[in-house]
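1. Need a 3D model of the following:
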Amino acid sequence: MVVLQRNEVGRHRVLLVLTIILSVVTLTGVVTNVSQVSSTVQFMLIALGAIAAAAIALALLQLYAYPKRSQVLLFHNEEEIVLATNALHEGFKLRFLRDILGENVTAFRDEDRARWQSLEADGFYATLSVRNVRKVIMLRLCTMIFDDVFSVDRNNRWEHHDSSSTAEPSFAKRETPPLTRGKSSA
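-> Next up, the predicted model:
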């Protein structure tokens, strides 16, 4: 699996759109000129048209399968931080966090799973429960890994750190995550 750095993601999208545009121009040129040339050149134009059609199909497939922004919600309680994410397909990020935090990661009990299940309607899944880790350290790790980090404290104050362009956002915005149901069960 190839992991793109954040600054390469935008360039990759631009290249896909340019590929589609160039392929469409090539296909229109092939269609308009194929009947006016000799049979040898017709064969080359048809081959070029097939390559352009394949490039369009591959670029559209990559744009369709393009991963959405990885978002994480941090619920900070007394000495526990629960991490909920919308990107379960990016398990390597969660394994990386688990490896760094080591023995501080605890398993969810059945009551905890039921408590956090309401987030699943919004596309977020409670994935990690971390004990005895400072909020600042957890926030820093998450901004290095995920695109959007939303953090809430005991007083239900939300912070949004947009890390899509840099791993070190300079300030936090007072924004809530895109939750349709109750804000949390924290």
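2. Could you pull up the mean pLDDT of the longest helix seen in the chain?
-> With secondary structure taken from DSSP state H, the chain has its longest helix at helix 6-33. In this model, helix 6-33 carries a mean pLDDT of 87.
3. do the same with stretch 52-63
-> For stretch 52-63, mean pLDDT rounds to 93.
4. Could I get the buried residue list for that stretch?
-> For stretch 52-63, burial by neighbour count (16 or more other Cβ atoms under 10 Å) applies to 52, 55-56, 59. Every residue, glycine included, has its C-beta placed from N, CA and C.
5. Could you single out the nearest of these to Trp158?
-> Ala59 (37.4 Å; Cβ to Cβ).
6. so that closest one touches Ser23, yeah?
-> Yes: contact criterion Cβ atoms under 8 Å: Ala59 and Ser23 qualify, at 7.4 Å.
7. Need the three-state assignment for Ser151.
-> strand (DSSP: H, G, I helix; E, B strand; the rest coil).
8. Was I right to think it contacts Trp158?
-> Yes: in this structure, Ser151 is within contact of Trp158 by Cβ under 8 Å, at 7.1 Å.
9. need the buried residues of stretch 52-63 in JSON lines with distance to His76, can you?
-> What follows is the buried residues of stretch 52-63, written out as JSON lines (distance: Cβ to Cβ, whole Å):
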{"residue": "Ala52", "distance to His76": "53"}
{"residue": "Ala55", "distance to His76": "48"}
{"residue": "Ile56", "distance to His76": "47"}
{"residue": "Ala59", "distance to His76": "42"}
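10. all strands for the chain, in order.
-> Listed in chain order, the strands of the chain (DSSP state E) span residues 71-76, 80-85, 105-106, 125-131, 148-152, 158-162.
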